[in-house]
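Enquirer: Below is the structure, and that's it, no one-letter string:
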């Protein structure tokens, strides 16, 4: 449920095409739907501009499928399943076959009803990776942004070990609304981008690196200690969290059409 769907329901009641009883039955499920094992938040898109996502790890495949079906039935916007294993993906695609799967070693992201990116929509947002090993986290990030109609510019393998690779593509950063920097090892790319662009920068430390990388802790601490002012940092390997942070930035801007219905 979002503002557009709520207004449509009220207009239908006013026009007499929907009965008051039917509207009440629909609105009764608006705050959340209690499935017994989960309380599905149908109010989130109305509050935040984008809906609840389904986080795969720890959930039974049939539970993932039931939540996806509930979200699809009660909202008009995109539905996203993140970090899903093969059994969860198969269970969800069995009951909702039109999902698009974006695979990765850390788990797949599946998107239903993605909003089509247009030149008038939100973005562009640059997603940069320091190395190829950071791609699975960047893929999750791009899948979530793409689900909400955000135009994405991807720059991969532009880490500081070969900074000339980034310098050759600086034109790709012109006119961006935000940048997401995905980097492991020492995480230095976030500081570089933070010093080059005026747009908000969200840094994602990854667990890529040798022993002193401490499974992403070194990159996390380096990004938190960045000398580039105003860099925002999310948790290790949290591509979804970075995409959500940027969506919040875009939702709060009047130009972010497609993410918030205007009155």
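Expert: Received it, and whenever you're ready, just let me know what you need. Please read all numbers here as calculations on a predicted model, not as lab measurements.

Enquirer: alpha carbons only for contacts and neighbour counts from here, please
Expert: Will do.

Enquirer: Between the two ends of stretch 160-180, how far is it?
Expert: 16 Å (Cα to Cα, to the nearest Å).

Enquirer: next one: that stretch to chain centre, how far?
Expert: Between the centre of stretch 160-180 and the centre of its chain there are 21 Å (Cα atoms, centre = their mean, to the nearest Å).

Enquirer: Enumerate the positions of stretch 114-133 that are buried.
Expert: Across stretch 114-133, burial judged by 16 or more other Cα atoms under 10 Å covers 114-115, 117, 121-131, 133.

Enquirer: start to end distance for that stretch?
Expert: Terminal-residue distance, stretch 114-133 (Cα to Cα): 26 Å.

Enquirer: In strands, which of the buried residues of stretch 114-133 fall?
Expert: Residues of these located in strands (DSSP state E): 125, 126, 127, 128, 129.

Enquirer: Give me the packing partners of the host helix or strand of residue 217, helices and strands only.
Expert: Using DSSP states H and E, residue 217 sits within helix 217-224. Contacts defined by 3 or more Cα pairs under 8 Å, 6 or more residues apart in numbering; DSSP states H and E place helix 217-224 against strand 201-205, strand 232-233.

Enquirer: Relative to residue 219, which of those strands is closest?
Expert: With Cα to Cα, the closest approach to residue 219 among the helices and strands packed on helix 217-224 belongs to strand 201-205: 5.3 Å.

Enquirer: ok, residue 121 touching residue 152?
Expert: No. Using Cα atoms under 8 Å, residue 121 is not in contact with residue 152; the gap is 11.0 Å.

Enquirer: Extract the residue ranges of the stretch 1-150 of the chain that are flagged as low pLDDT.
Expert: 1-5, 24-30, 34, 43, 46, 48, 104-105, 119 (pLDDT under 70).

Enquirer: what about the strands in it?
Expert: 33-34, 39-40, 54-55, 79-84, 100-102, 108-112, 125-129 (DSSP state E, counting those that start in this stretch).

Enquirer: Same list, these, but as CSV with distance to residue 63 please.
Expert: Shown next, in CSV, are the strands of the stretch 1-150 of the chain (distance: least, Cα to Cα, whole Å):
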stretch, distance to residue 63
strand 33-34, 12
strand 39-40, 11
strand 54-55, 10
strand 79-84, 12
strand 100-102, 18
strand 108-112, 15
strand 125-129, 32
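
Enquirer: Nearest approach to residue 178 belongs to which of those strands?
Expert: So among the strands of the stretch 1-150 of the chain, strand 125-129 is nearest, using Cα to Cα, at 5.0 Å.

Enquirer: So what touches that closest one?
Expert: Under the criterion Cα atoms under 8 Å, 6 or more residues apart in numbering, residues 135, 138, 142, 150-159, 172-173, 176-183 lie in contact with strand 125-129.
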